[in-house]
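[1] test case, fold it:
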Amino acid sequence: FEKFLTTVEDSEMRLILRLRCINNMGWFDIGEELNMDRRTASRKFYDFFKKQKDAHNAREGVLK
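    So this is what the prediction gives:
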């Protein structure tokens, strides 16, 4: 996962990913750490992976 993190350009997104996936922090704690609502942190996390999936599917020519 550390190798994957080096590919994430957005520093805030890297931190959210690190806190959630490596440090195993909950959304409330991540929100507190980043001075944002827990829902905002969670939405950013899941939106990031949705965009990754969509980009992958577009490269692979996967039909929706």
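
[2] measure how buried Asp54 is and give me the count.
    For Asp54, the neighbour count with other Cβ atoms under 10 Å is 12. (C-beta placed from N, C-alpha, C; glycine too.)

[3] assign a three-state SS to it, would you?
    helix (DSSP: H, G, I helix; E, B strand; the rest coil).

[4] do you know how far it is from Arg39?
    22 Å (Cβ to Cβ, to the nearest Å).

[5] what does Glu12 give?
    As judged by Cβ to Cβ, Glu12 and Arg39 stand 15 Å apart.

[6] next one: Glu32
    13 Å.

[7] okay, those two: which has more neighbours?
    Neighbours of Glu32 and Arg39, each counted by other Cβ under 10 Å, are more numerous for Glu32; the result is 14 against 11.

[8] helices of this protein, start to end?
    For the chain, the helices defined by DSSP state H cover 2-5, 11-17, 27-34, 38-60.

[9] format those helices as JSON lines; extra columns: mean pLDDT.
    Listed next are the helices of the chain as JSON lines, based on pLDDT from 0 to 100:
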{"stretch": "helix 2-5", "mean pLDDT": "92"}
{"stretch": "helix 11-17", "mean pLDDT": "97"}
{"stretch": "helix 27-34", "mean pLDDT": "97"}
{"stretch": "helix 38-60", "mean pLDDT": "91"}
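
[10] list the buried residues of stretch 39-57.
    Ala41, Ser42, Lys44, Phe45 (16 or more other Cβ atoms under 10 Å).

[11] starting at the chain centroid, how far to that stretch?
    Per Cα atoms, centre = their mean, to the nearest Å, the displacement of stretch 39-57 from the mean C-alpha position of its chain is 6 Å.

[12] stretch 18-35 now?
    Counting by Cα atoms, centre = their mean, stretch 18-35 comes out at 11 Å from the chain centroid.

[13] now do stretch 44-61
    11 Å.

[14] kindly report the same for stretch 6-15.
    With Cα atoms, centre = their mean, you get 8 Å for stretch 6-15.
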